[in-house]
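[1] Give the three-dimensional model of this entry:
(4 chains)
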Number of protein chains: 2
Amino acid sequence: MAGNRAPTIYDVARRAGVAASTVSRAFSRPGRVAAGTADRIRAAATELGYRTNPVARATATGRTSMIALIVTDVTDPATAELLRGAQEAAGAAGFTTVVSDAQDDGVPQREALERALSTVDGAVVAAPHAPDTALRSLVAQRPAVLLDRMLDGLPSVVPDIADGMRRLMAHLGELGHEMVTYVAGPADAWADGMRRRGLRQAGCEYGVQSRRIGPFPATIAGGMTAAGELLRRPTTAVIAYDDLIAIGLIRALSARGILVPQEVSVVGFGNVAASALITPGLTTVASPLRAMGALGVRNLLGLLDGSGSAASEALPVRLVVRGSTAHRRRNPASAGRGSLIVSGAGSYLPVATL
Amino acid sequence: MAGNRAPTIYDVARRAGVAASTVSRAFSRPGRVAAGTADRIRAAATELGYRTNPVARATATGRTSMIALIVTDVTDPATAELLRGAQEAAGAAGFTTVVSDAQDDGVPQREALERALSTVDGAVVAAPHAPDTALRSLVAQRPAVLLDRMLDGLPSVVPDIADGMRRLMAHLGELGHEMVTYVAGPADAWADGMRRRGLRQAGCEYGVQSRRIGPFPATIAGGMTAAGELLRRPTTAVIAYDDLIAIGLIRALSARGILVPQEVSVVGFGNVAASALITPGLTTVASPLRAMGALGVRNLLGLLDGSGSAASEALPVRLVVRGSTAHRRRNPASAGRGSLIVSGAGSYLPVATL
DNA sequence: TTGAAAGCGCTAACAA
DNA sequence: TTGTTAGCGCTTTCAA
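    Now for the predicted structure:
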């Protein structure tokens, strides 16, 4: 028995009666080898149980066919969807994915990130709150495309937030709301800036006023905190930075006896699984997460083989209407207890049909 | 300018005035080199911005310092926790993680899995429903440890299901339930068998009868289906195979006007995030997912460097009591039922405690 | 403790 | 179309 090590191209070459380089060609660029020869080689390979060794190939070519998926929180449901899309696209293109959980750029993770980065050809990065500088230093090391965030001229794939905001405003406007409160997410988040801008524009467009509270952390706890502030500044409709905040909001509001959506409508961004599970279901803007992950990878791959442009793309979103939004009440039934309804602003609302 | 390629040990060697092999030693096994020399080398390395090349090292040693995390569903919240724990442990040990989403062993993914497998030193596998044969062929290729599932003598890390069942039974028994219905998960799932066995044992121990319906898919939809069958065979307490089924059950039951927990108590397994979000909150058995992921990796690493045993370990679970369980009603108020529930929207049900 | 030299398995000119 | 021949950057005997 000739040792137990895995067979190499040399073993295959000997058995097929060709040179090792021919075997290499047969696998790395089929077509560059005569059909008959290729058949013999394939036959020999399967007999021997030969499998190409990606590591050896990588040393020789300098390309590993691996890409890093760098995220700040694997446990975030949105991240998971992004990952799935990215993995599918990578797998389809023959690439293996290394996922690195950078956990908000914590110091201990830095080393792991560096390690991961040095073995991949490029990276797809979903790090909504990472500091710009961190991203820049990352991009300096390897080609990368950003997910769910834009930065300078760096290639990225994002949802069309402005359009999402427009749909939200249209929806809320139809329901008779004349003013909405935006519960802001982390101040450094690119998405937060986009939502604010979208809010202003859509507000003009649909004649809906807006004001803002926050920032709050993009978590359920953050939303619960925000609810406190909301109580002091009544409103009939709130747009939360994301689903998690919206969920926290709904929970805290409900706990205090405020009816959602009867007294206040709440909407979010994201359409995470939990938004369909809570009571009432959350009306939200759904980002095409899976598609974003996949497109991010495809764009990165295009960048790597030079066939792609380093452009940014905004993918269409869709409005998912659930139970957390309702028509603005003319006469709040809950007059007795600390209602959230704004009585003022002078104007009586036109009651549209539901 | 000497080209823009990354510096190698040769560059460092020249600058430090030593041989390349000495530089190699300085990084791969410090201590095997004189302190002064090591200092010079380190200095030269940082000046040049040298970083070890993991790929080259891997060709030379045959070990990549990467491990695969093979899962069947990245979007499953439990999987995400497992991943996080595994990643932390791997990172701490200087290992990079490749995650492969095998998606229930679908054919197209097979190739991606093979690719991933051939670049790693070993694998941690969280594939609750994968066929035994798939696991065996996997383990034949690389050392592996199973998560949340046992198979033969393969090393694995699992939760202490029997104990979880005991706690559940004790809890339900205290609440006056004399008979529970177990809503089974996939028949081929190892965990399902364990739950059934645990159920029998704990039933004896606490004098609680049990019967079983199913199997059902371990999804919310599966739970909703199960609810239909449950209606035909009334019960005061149900133990679901997992949280997802339990959630589906609660939703479907509520939608039909059955009060949880007043008319029927429902418990699950897993303590996924959503179980705290639904109304009522789900009483469930929490597995130490993060710890399991981490331990799985550590055990794998032990296996790889020969310092570990190929044993299986069961980690302690804990009972999380929320609003979905209550004392058994003497006289079920089925009279006015249905009218009490506003399906999907109302805030009549008590808001679960977090 | 250090250096010289031979690989690891593959790819990529360059020739034939 | 195929073979020859250098590497890729690192580790690892084996000597010195």
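[2] Just the buried residues of the helix or strand A:Leu113 falls within, please?
    If you go by DSSP states H and E, A:Leu113 is part of helix A:107-117. Neighbour counts over helix A:107-117 (16 or more other Cβ atoms under 10 Å in any protein chain shown) mark A:109, A:112-113, A:115-117 as buried. C-betas here are computed from N, CA, C, even on glycine.
[3] Tell me the one of the residues you listed nearest A:Val321?
    Of all the buried residues of helix A:107-117, A:Gln109 has the smallest distance to A:Val321: 38.9 Å, by Cβ to Cβ.
[4] For the closest one, give me the pLDDT.
    For A:Gln109, the pLDDT comes out at 73.
[5] Would you mind listing the residues in contact with it?
    Contact analysis of A:Gln109 by Cβ atoms under 8 Å, 6 or more residues apart in numbering or on different chains lists A:100-103, B:91.
[6] And A:Thr119, by the same measure?
    Applying Cβ under 8 Å, 6+ apart, the residues contacting A:Thr119 are A:64, A:66, A:98, B:54-55, B:66, B:96.
[7] How about A:Gly308?
    A:299, A:301-302.
[8] Tell me how far A:Thr219 lies from DNA strand C.
    46 Å (Cβ to the nearest atom of the strand, to the nearest Å).
[9] whoops, I mixed them up, A:Val139
    Taken as Cβ to the nearest atom of the strand, the span from A:Val139 to DNA strand C is 25 Å.
[10] Spit out the contact partners of the closest residue in space to that residue that isn't next to it in sequence.
    Nearest non-adjacent residue to A:Val139, counting by Cβ to Cβ, 6 or more residues apart in numbering or on different chains: A:Leu154, 6.1 Å away. A:Leu154 sits next to A:135, A:139, A:144-146, A:310, A:312 when contact means Cβ under 8 Å, 6+ apart.
[11] Show the buried residues in those.
    A:135, A:139, A:144-146, A:312.
[12] What are the phi and psi values at the closest residue to A:Leu175 other than its chain neighbours?
    Distance criterion Cβ to Cβ, 6+ apart; nearest residue to A:Leu175, sequence neighbours excluded, is A:His327 at 4.8 Å. Backbone torsions of A:His327, given as degrees, to the nearest 10, read phi -60, psi 140.
[13] Hmm, A:Gly176 and A:His327 touching each other?
    Yes - in this structure, A:His327 is within contact of A:Gly176 by Cβ atoms under 8 Å, at 5.4 Å.
[14] Could you list the buried residues of the strand or helix carrying A:Leu83?
    A:Leu83 is part of helix A:77-92 when elements are defined by DSSP H and E. Neighbour counts over helix A:77-92 (16+ other Cβ under 10 Å) mark A:77-91 as buried.
[15] Stretch A:304-321 close to DNA strand C?
    No - counting by Cβ under 7 Å from any atom of the strand, DNA strand C has no neighbours in stretch A:304-321; the shortest distance is 12.2 Å.
[16] What is the least confident helix or strand in chain A?
    helix A:107-117 (a mean of 82; mean pLDDT, DSSP states H and E).
[17] Beyond that helix, next helix or strand please.
    Once the chain leaves helix A:107-117, the next helix or strand it forms, by DSSP H and E, is strand A:122-126.
[18] tell me the angle of that next one relative to helix A:77-92?
    With axes from the mean of the first three to the mean of the last three Cα atoms, to 10 degrees as the basis, strand A:122-126 and helix A:77-92 are set at 160 degrees to each other.
[19] Strand A:122-126 to helix A:107-117, inter-axis angle?
    Relative orientation of strand A:122-126 and helix A:107-117, computed by the same axes, to 10 degrees: 140 degrees.
[20] in chain A, what spans have low per-residue confidence?
    Applying pLDDT under 70 to chain A flags the ranges A:1-3, A:104-108, A:330-354.
[21] Now do the helices in it.
    With DSSP state H as the criterion, chain A has helices at A:9-16, A:20-28, A:35-48, A:54-61, A:77-92, A:107-117, A:132-141, A:161-174, A:190-206, A:220-232, A:243-255, A:274-277, A:289-304.
[22] deepest of those helices, which one?
    helix A:243-255 (a mean of 26; mean count of other Cβ atoms under 10 Å in any protein chain shown).
[23] Other residues contacting the helix holding A:Leu83?
    A:67, A:69, A:71-74, A:96-97, A:99, A:124, A:126, A:147-148, A:270, A:272-274, A:287, A:289-298, A:301, B:74-75, B:77, B:80, B:99-101, B:108-109, B:111-112.
[24] for stretch A:53-62, same thing?
    For stretch A:53-62, contacts defined as Cβ under 8 Å, 6+ apart pick out A:6, A:8, A:28, A:64-65, A:96, B:55-56, B:58-59, B:64, B:115, B:118-119.
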